Structures are given as C-alpha cells and as structure tokens.
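Novice: return atomic coordinates for the entry below.
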Amino acid sequence: MPSGFQNDTNQLQAEMYRVVITMTNTTYYPTTDGDDNGGITPNSWDSFAAGPSTAVLARARARGNMRFRNIVNQVTGLTDMQVRDVTITEADADAQATSLAFTLAIERPAFINVTGTAIDGSTALTTRALVLKNEIAKAIRLSTTSTMRSFDPTTDSGTQVSITATHTGATATQTYGTVAVTLIDESTLFD
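Specialist: Prediction:
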C-alpha cells in the first residue's frame with residue numbers, strides 16, 4: 001500500500017441503479033387533454049427540430065417536463081445522487097413518451113433510509129431499489145403548478161404560461177407498477 005493510505009468505512013461506496021418507467025398504457029398515462037396528460041420527459045419543446053403542433057400538445061410536453069423535474073427533486077433529496085444515461089422513446093415534439101430510462105449514481109447510498117411501506121400499500125421497503133422505486137412513483141403522482149416555458153404554435157416561439165400537472169390516470173398501485181429500479185453496480189469497501 002502507498003504510504004499513508006488506509007481503508008476507511010467513511011469512504012464513498014457508490015451504487016448505481018437503472019430506472020425504467022413504462023408509459024405505454026394510455027389509461028395510466030393519458031394522451032387526451034387535461035392536467036393528467038403528458039407522461040414523463042426530460043425533453044422540452046425546443047429539444048426538437050419543430051415544436052408541438054398545438055397548444056394542447058405543448059402543455060402536455062411541459063407537464064411531462066414537470067414530472068421529470070419532480071422525480072429528480074425527489075430522489076436527489078434522499079442523498080448525493082446524479083442522474084445519468086437518460087434514454088427516452090418519443091418520436092417528435094407531438095409524441096408523448098412511451099418509455100424513459102436513466103441511471104441514478106448514488107455516492108452515499110447508506111444515507112437512504114430503508115424502511116416503511118410503498119405507496120401501493122402492501123410492499124415493504126426492504127432494499128434501496130424499492131425505496132427509490134417508491135420515491136419515483138410518489139414524484140410522478142405529485143400535483144405541481146409552475147410557470148413554464150411552453151411552445152406557442154401561433155407565434156412559433158416559446159412563451160411563459162402557468163401549467164398544472166396532476167397525477168396521471170393511474171392509481172398509486174398502478175403508478176408504482178410502471179416503475180422498475182434495478183441495482184446495476186456497486187463498490188464495496190473491504191477492510
């Protein structure tokens with residue numbers, strides 16, 4: 001060992017989790033106009049060559065963006081964490097996403113409290129993966145109102161509007177079922 005080096009249980013022992021949210025069920029993730037539509041997406045209207053074709057679709061995209069922000073806020077509130085490797089299935093600015101996957105890189109996973117029951121009312125939170133799944137499902141169900149930049153197809157530009165995103169058309173149990181979280185990598189400190 002190099003001079004002065006020693007293993008210490010206070011060192012970071014990172015873990016990485018892959019999250020997949022499946023939004024193909026239009027009952028759980030409605031595509032019709034309303035505060036519950038929009039799915040979940042990190043892409044705003046200006047991520048595409050052309051903006052949404054209608055104001056309804058533009059607001060849906062803003063709602064999806066708000067739900068993704070809610071997820072990031074919810075999970076990063078647990079401990080030091082980064083969102084990486086985002087993969088999304090959506091055709092264009094008009095299309096609601098059908099699948100979203102990303103990796104959570106957690107620097108201090110031991111800070112995540114593993115206890116309680118999931119929002120489905122029956123699943124015991126016995127692993128960090130289940131706690132993360134539960135926190136993500138709770139974030140999807142948050143009702144949020146925010147001033148967002150949304151596309152205005154009549155002016156072909158962005159405009160500030162108040163947008164409300166309620167929970168999607170799913171029950172708590174159904175939302176919880178659309179989220180999958182898997183531990184994909186961890187580092188372990190050996191004494």
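Novice: could I get the full set of strands for the chain?
Specialist: Assigned strands in the chain, in chain order: 15-22, 81-89, 99-106, 144-152, 157-165, 179-186 (criterion: DSSP state E).
Novice: closest one to residue 54 among the ones you listed?
Specialist: With C-beta to C-beta, the closest approach to residue 54 among the strands of the chain belongs to strand 144-152: 9.4 Å. C-beta coordinates here come from the backbone N, C-alpha and C atoms, glycine included.
Novice: how about the strands of the chain in JSON lines, adding mean pLDDT, mean neighbour count and distance to residue 51?
Specialist: Formatted as JSON lines, the strands of the chain follow (pLDDT from 0 to 100; neighbours: other C-beta atoms under 10 Å; distance: least, C-beta to C-beta, whole Å):
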{"stretch": "strand 15-22", "mean pLDDT": "97", "mean neighbour count": "20", "distance to residue 51": "24"}
{"stretch": "strand 81-89", "mean pLDDT": "95", "mean neighbour count": "15", "distance to residue 51": "17"}
{"stretch": "strand 99-106", "mean pLDDT": "97", "mean neighbour count": "20", "distance to residue 51": "20"}
{"stretch": "strand 144-152", "mean pLDDT": "92", "mean neighbour count": "17", "distance to residue 51": "4"}
{"stretch": "strand 157-165", "mean pLDDT": "93", "mean neighbour count": "15", "distance to residue 51": "8"}
{"stretch": "strand 179-186", "mean pLDDT": "91", "mean neighbour count": "15", "distance to residue 51": "29"}
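Novice: a markdown table please, covering those strands and showing distance to residue 72.
Specialist: Conversion of the strands of the chain to a markdown table gives the following (distance: least, C-beta to C-beta, whole Å):
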| stretch | distance to residue 72 |
| --- | --- |
| strand 15-22 | 11 |
| strand 81-89 | 6 |
| strand 99-106 | 9 |
| strand 144-152 | 13 |
| strand 157-165 | 14 |
| strand 179-186 | 14 |
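Novice: for these, which one sits closest to residue 171?
Specialist: Per C-beta to C-beta, nearest to residue 171 of these: strand 179-186, 13.5 Å.
Novice: dump that closest one to CSV, restricted to CA.
Specialist: Provided in CSV are the C-alpha atoms of strand 179-186 (Å, rounded to 0.1, in the frame of the first residue of the first chain):
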residue,chain,number,x,y,z
VAL,A,179,-41.6,1.9,-12.4
ALA,A,180,-38.7,-0.6,-12.3
VAL,A,181,-35.5,0.0,-10.4
THR,A,182,-32.5,-2.4,-10.5
LEU,A,183,-29.1,-2.2,-8.8
ILE,A,184,-26.6,-2.4,-11.6
ASP,A,185,-23.3,-1.6,-10.0
GLU,A,186,-21.8,-1.1,-6.5
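Novice: so what does that strand touch, helix or strand wise?
Specialist: Contact analysis of strand 179-186 by 3 or more C-beta pairs under 8 Å, 6 or more residues apart in numbering; DSSP states H and E lists strand 15-22, helix 128-141 as its packing neighbours.
Novice: show me the contacts for the residue most central in space within the chain.
Specialist: Taking C-alpha atoms, centre = their mean, the centroid of the chain lies closest to residue 71, which sits 3.8 Å from it. Counting by C-beta atoms under 8 Å, 6 or more residues apart in numbering, residue 71 makes contact with 40, 136, 139-140.
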